[in-house]
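[1] got a predicted model here, sequence first, then my questions.
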Amino acid sequence: MLRAASHLKGMGIAATDGDIGSVDDLYFDDLTWTIRYLVVDTGTWLPGRQVLISPRSVRSTPDADRIPVALTKEQVKNSPSTDAEKPVERQYEEEYAQYYGYPYYWSGPYRWGATPYPGEGPLSEVRASSAMPPPGGNPSIRSVRNVTGYYIEAADGDIGHVEDFLVDDQEWAIRYMIVDTRNWWAGKQVIISPEWINRVSWPDSRVYVDMSREGVNTAPEYDPDLPLEREYETRLFGHHKRQTYWD
């Protein structure tokens with residue numbers, strides 16, 4: 001199921017022995033555009049502290065307002081501290097993974113390292129996945145909140161800005177950026193896959209995509225009030241002449 005990042009924000013995190021807090025932000029890596037951590041505001045439970053929760057701990061599909069995790073409050077309380085004002089470094093990620101006993105997501109050919117999905121065992125025990133192997137290199141961790149508002153530029157000019165993201169709640173992949181075109185095409189939203197990005201200028205807050213304005217203009221319109229069905233995705237990928245991520 002695809003969920004808007006804005007809908008995930010504010011959802012409660014339920015440990016096995018009580019509530020931890022609520023989602024304040026989402027952190028993704030900028031190579032595979034996969035959500036690596038839920039940034040959780042612990043409220044009055046751990047005043048003044050935010051904690052990171054990996055999708056590896058999510059026990060089942062999130063419901064309307066709560067995400068259940070296979071962690072205890074004591075585990076979360078004693079987890080490595082992070083500073084929300086500073087970048088998440090690889091050294092911290094290694095310490096975090098070792099604390100929880102998680103395999104490194106950057107070690108292996110799949111989106112979650114040795115497995116396609118965050119909560120699975122060895123690859124021999126899981127079914128085949130549509131996930132593409134991540135590219136080489138060391139990803140940087142980015143904030144969904146900070147990237148919201150970035151300008152989207154096609155080969156021949158601006159399209160609009162990032163309004164939201166659509167997240168696959170099984171692989172925790174960012175499938176689409178929701179783009180608001182109000183300054184160019186009033187009243188219309190479109191969705192663009194991160195796979196269609198040429199490059200991102202992080203200092204300039206600008207995303208460059210491999211398509212023309214006309215191609216975006218004539219693409220199937222996205223309606224946030226309707227469920228995003230596979231039939232719509234098929235038409236969208238067909239329009240842009242791209243291979244679908246589920247094939």
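    Alright, I've got the coordinates.

[2] now do the same contact list for the nearest residue to residue 87 once chain neighbours are set aside.
    Spatial nearest neighbour of residue 87, chain neighbours left out: residue 141 (6.6 Å); criterion: C-beta to C-beta, 6 or more residues apart in numbering. No exception for glycine: its C-beta is placed from N, CA and C like everyone else's. Shown in contact with residue 141 (C-beta atoms under 8 Å, 6 or more residues apart in numbering): 27, 28, 29, 30, 36, 37, 87, 88, 93.

[3] mind redoing it with 6 Å?
    Going by C-beta atoms under 6 Å, 6 or more residues apart in numbering, residue 141 touches 27, 29, 88.

[4] please enumerate the strands of this protein.
    2-4, 12-15, 18-29, 34-41, 50-53, 66-68, 141-143, 151-154, 157-168, 174-180, 189-192, 197-201, 206-209 (DSSP state E).

[5] residue 230: which of those strands is closest?
    strand 2-4 (10.4 Å; C-beta to C-beta).

[6] give me the helices and strands touching the closest one, please.
    Counting contacts by 3 or more C-beta pairs under 6 Å, 6 or more residues apart in numbering; DSSP states H and E, strand 2-4 is packed against strand 157-168.

[7] what residue ranges in the protein score low on pLDDT?
    120-138, 187 (pLDDT under 70).

[8] swap the cut-off to 50 and go again
    121-136 (pLDDT under 50).

[9] for the strands of the chain, which one sits closest to residue 82?
    Nearest to residue 82, of these and by C-beta to C-beta, is strand 50-53 at 5.8 Å.

[10] what comes into contact with the closest one?
    So strand 50-53 is contacted by 37, 38, 39, 40, 41, 76, 79, 82, 84 (C-beta under 6 Å, 6+ apart).
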